[in-house]
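A.B. asks: sequence? don't have it. structure:
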């Protein structure tokens, strides 16, 4: 079956995502991926064969995980339009038992990043890093860390149609209150730009990257979401309760949480060495 694709359908899909209260980051990602698909289809007839060709083409430009996320966006678009026959399967990926050492941010490296930000006199970035890592929030949820939330000692996050409570531990609350007082912030989001808008993911990512050389940390490990992963691994190392961790992180599925607590395997290797079964 052949279908016709036009820009009005894309605009309608964007309005639909907005009505579904999808996060800004999710909407931007979906719309980017849909436009990439639209450009690919510009000189082609839209049918299942063409969609499969698009799927194959993605692997020539993107990693498998990125390709799968783009396929998911296109499938969501098709389902919205009722074009279920055009949906395609994502690439199968064998879940790794351990993560790469080149990607796992350690607590020691996290501390060096904080110290680097302090040496550079960037107290705002220093505190942003500690807030994300100390609470386990998504970088998009940083806007919910408001003056009012800090005074209460907890924030209420509304994301992806769900609401959850975020605890601001005493040590972090103390530092945030000092920052609020120093910056004379009366109300609203604590971390904002010069224009008063909440700081963006891109700005935080860029500023964190600027710390790498001074902190002696590989750039491949330094990005906001890795702070959330460090929080998850640290919490799980203490509690060993994946269900509780899933609630804190705001995950619907425990399978998602499992991804966050995958380690490099160094600890497992150390335990195996201590077994002393080789005589």
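C.D. replies: On my side now, so go ahead. Keep in mind that what you see is a predicted model, and the values were worked out from it rather than measured.

A.B. asks: give me the contact list for the helix or strand hosting residue 158.
C.D. replies: Assigned by DSSP states H and E, residue 158 belongs to strand 154-159. With Cβ atoms under 8 Å, 6 or more residues apart in numbering as the test, strand 154-159 has contacts from 23, 135, 137-138, 140-141, 144-146, 149, 163-168, 250. (Glycine included, C-beta is placed from N, CA and C.)

A.B. asks: now a ChimeraX select for only the buried ones of the residues you listed.
C.D. replies: Buried subset of the contacts of strand 154-159, written as a ChimeraX selection, criterion 16 or more other Cβ atoms under 10 Å:
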select :23,135,137,138,140,141,144,145,146,149,166,168,250
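
A.B. asks: which ones are touching the closest residue to residue 219 other than its chain neighbours?
C.D. replies: Once flanking residues are discounted, residue 219 sits nearest to residue 212: 4.7 Å by Cβ to Cβ, 6 or more residues apart in numbering. Taking Cβ under 8 Å, 6+ apart as the criterion, residue 212 is in contact with 218-219, 222.

A.B. asks: just residue 165 next, same as before
C.D. replies: 154-157.

A.B. asks: repeat that for 6 Å
C.D. replies: The contact partners of residue 165, by Cβ atoms under 6 Å, 6 or more residues apart in numbering, come to 154, 156.

A.B. asks: residue closest to the middle of this protein?
C.D. replies: With distances taken as Cα atoms, centre = their mean, residue 225 lies nearest the centre of the chain, 4.7 Å away.

A.B. asks: C-terminal to the helix or strand hosting residue 133, what's the next element?
C.D. replies: Here residue 133 sits within helix 123-135, counting by DSSP H and E. Later in the chain than helix 123-135, the nearest helix or strand by DSSP H and E is helix 147-152.

A.B. asks: show me what the helix holding residue 133 is packed against.
C.D. replies: The contact analysis (3 or more Cβ pairs under 6 Å, 6 or more residues apart in numbering; DSSP states H and E) places helix 123-135 against helix 107-119, helix 224-239.

A.B. asks: of the ones you listed, which is nearest residue 34?
C.D. replies: Closest to residue 34 of those, according to Cβ to Cβ: helix 224-239, at 23.0 Å.

A.B. asks: what residues of the helix or strand just after the closest one count as buried?
C.D. replies: Of the helices and strands lying after helix 224-239 in sequence (DSSP H and E), the nearest is helix 242-249. By neighbour count on 16+ other Cβ under 10 Å, the buried set for helix 242-249 is 242, 245-246, 248-249.

A.B. asks: show me what the mean pLDDT comes to for helix 242-249.
C.D. replies: What helix 242-249 shows for mean pLDDT is 89.

A.B. asks: run through who's touching it.
C.D. replies: Looking at helix 242-249 with Cβ under 6 Å, 6+ apart, the contacting residues turn out to be 136, 235-236, 254, 257.

A.B. asks: what do you get if the cut-off is 10 Å, keeping everything else the same?
C.D. replies: Residues from elsewhere that reach helix 242-249, judged by Cβ atoms under 10 Å, 6 or more residues apart in numbering: 135-138, 164-167, 228-229, 231-233, 235-236, 239, 241, 251-258, 260-261.
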